[in-house]
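**Q** Predicted coordinates and the sequence they were generated for:
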Amino acid sequence: MPETPPRRRGATALLIGTAALCGLVAGACAGYLVQADRAPTKLPPLSQPVLPRATGPAPEPLSAARDRRVRTDGDLRELLLKKPAGAREADWLSTSDGWLDMSAYADSFTEPGEKFSSLVSDEFRRAAAVGWEDGPHQVEIRLVQFRQEDSLAAVDTVGNHQGWAERDPDAESWGIPGTGDGTAYVHPRPYTEPGYEPQYRAEAHAWRGDVAMEIWVYGDRPIPKKTIMDLAERQMERL
């Protein structure tokens, strides 16, 4: 008598699973038909306050004296401090008409190529400069403007200059009133380099909107705090 062939493993489980699946499908179809016959339930109203329409004339635009953007979008050179009466013209200045293009501005740094690349990344727009010689001191003031479409480059530029100034452990510093984090520095020890006479330095850095301010003072005598602070405060007032 031939032996009974063995049952395939899992046949019973497959039959049970198929039946369960058919039951689920049938239940879903029945539920859909029940819901389709019911009337739709209204949603609660959205809470939205009624805003009254403004009446009266529209406010007048800000005047040029109050709208900072109007001033900085004009001739940037007009915002620079003027050469004091009796001061000599600065023949060492890198500009003859008051404007500094990106290349001329980058050339004033120790690594011009690196600075030029960073100015491109920082969306340099334009720069204006003025300078003079007053007694034992040489003064240069720069206003550097950025487009600031992707970053706050004016703030970053000021922070970078301040970081370099604070590397001098002997530097004395003071906050510039009305600027938040604007700072003026005096370096009491002269800078020495072979082939050059010792030179004292002072500097100030602050920003307003998209414009960074730089003030550099050099001389063969120590530079008083009053000199750099007076320049910084008066220049920031013009911004």
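**A** Cool, got the structure.

**Q** Spatially, what comes nearest to His137 if we skip its sequence neighbours?
**A** Closest residue to His137 apart from its sequence neighbours, by CB to CB, 6 or more residues apart in numbering: Gly219 at 4.2 Å. In short, each C-beta sits where N, CA and C put it, glycine included.

**Q** Equivalent analysis for Pro84, please.
**A** Once flanking residues are discounted, Pro84 sits nearest to Asp134: 6.1 Å by CB to CB, 6+ apart.

**Q** Now do the phi/psi pair for that neighbour.
**A** phi -130, psi 100 (degrees, to the nearest 10).

**Q** Show me the beta-bridge partners of it.
**A** On the basis of DSSP bridges, Asp134 is bridged to His137.

**Q** For Asp181, see how far away the residue nearest to His137 is.
**A** Separation of Gly219 from Asp181 (CB to CB, to the nearest Å): 27 Å.

**Q** Compare neighbour counts for these two and give me the winner.
**A** Gly219 (19 against 13; other CB atoms under 10 Å).

**Q** Can you tell me the centre-most residue of this structure?
**A** The centroid of the chain falls nearest to Leu152 when counting by CA atoms, centre = their mean (0.7 Å).

**Q** Please tell me the pLDDT value assigned to it.
**A** Note on Leu152: pLDDT of 91.

**Q** any idea how far it lies from Pro222?
**A** To Pro222, Leu152 is 35 Å away according to CB to CB.

**Q** cool, Leu76 as well?
**A** Relative to Pro222, and taking CB to CB, Leu76 is found at 32 Å.

**Q** how far does whichever strand or helix holds Met213 sit from the chain's center?
**A** Using DSSP states H and E, Met213 falls within strand 211-219. In terms of CA atoms, centre = their mean, to the nearest Å, the centre of strand 211-219 is found 20 Å from the chain centre.

**Q** Quickly list what the closest residue to Trp99 other than its chain neighbours is bridged to.
**A** Leaving aside its sequence neighbours, Trp99 sits nearest to Ala128 (CB to CB, 6+ apart; 5.9 Å). Bridge pairing for Ala128 (DSSP bridges) gives the partners Trp99, Leu143.

**Q** Pretty sure Ala128 sits against Gly98.
**A** Yes - using CB atoms under 8 Å, Ala128 is in contact with Gly98, at 5.4 Å.

**Q** Now Thr110: phi and psi?
**A** Thr110 adopts backbone torsions of phi -70, psi -30, taken as degrees, to the nearest 10.

**Q** do the same with Ala202
**A** Main-chain dihedrals, Ala202, degrees, to the nearest 10: phi -150, psi 150.

**Q** The one 4 residues further on too?
**A** Note on Ala206: its backbone torsions stand at phi -160, psi 170 [degrees, to the nearest 10].

**Q** for Asp230, same thing?
**A** Backbone geometry at Asp230, expressed as degrees, to the nearest 10, gives phi -60, psi -40.

**Q** again, but for Lys115
**A** Dihedral pair for Lys115: phi -70, psi -40, per degrees, to the nearest 10.
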